[in-house]
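K.L.:
Structure here, sequence nowhere to be found:
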C-alpha cells in the first residue's frame, strides 16, 4: 500500500530561454519509468507510492534537467504522507472522478 502522494511542478531555467515543454515532457517520462501511478494536471503532476521512492524520482527529475543543459531548476513539491492508513489518489478523488 502506498503511503504518500507527491505533487510536483518543475520549472527548469532552460538554455537560451527555450520553451519548458520538452523539459517537462522529459520529467514526466522519468515518472513513467519509475513505474508509479501518476496523474498529470495542468500545473502539476501527482505521483503515488512510498515516500522515499517518490523523493528519489523528484531527485532524478532535477538531475535530468541539468543533464539537458538547464543551469538550475525550481520544483514546487507537495507531500501527503499517511503511513498508518495509506495514501491514494483514487480515495481523495472519489467525489470528483472526472475532475468536476
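P.N.:
Perfect, thanks for sending it. Values in this document were obtained by computation on a predicted structure and should not be read as measured data.

K.L.:
tell me what the lengthiest helix in the chain is packed against?
P.N.:
When the chain is scanned for its longest helix (criterion: DSSP state H), the result is helix 51-67. Contacts defined by 3 or more C-beta pairs under 8 Å, 6 or more residues apart in numbering; DSSP states H and E place helix 51-67 against strand 4-13, helix 21-34, strand 72-81. For glycine as for every other residue, the C-beta is placed from the backbone atoms N, C-alpha and C.

K.L.:
List the buried residues in the helix or strand just after the second one.
P.N.:
Meaning helix 21-34. Going down the chain from helix 21-34, the next helix or strand is strand 38-40, by DSSP states H and E. Using 16 or more other C-beta atoms under 10 Å as the test for burial, strand 38-40 gives residue 38.

K.L.:
Next, the residues that contact strand 38-40 from outside, please.
P.N.:
If you take C-beta atoms under 8 Å, 6 or more residues apart in numbering as the criterion, strand 38-40 is touched by 28, 31-32, 45-48, 89.

K.L.:
And stretch 58-73, by the same measure?
P.N.:
6, 8, 10-15, 23, 26-27, 30-31, 34, 75, 77.

K.L.:
Tell me the one of those residues nearest residue 83?
P.N.:
residue 6 (14.1 Å; C-beta to C-beta).
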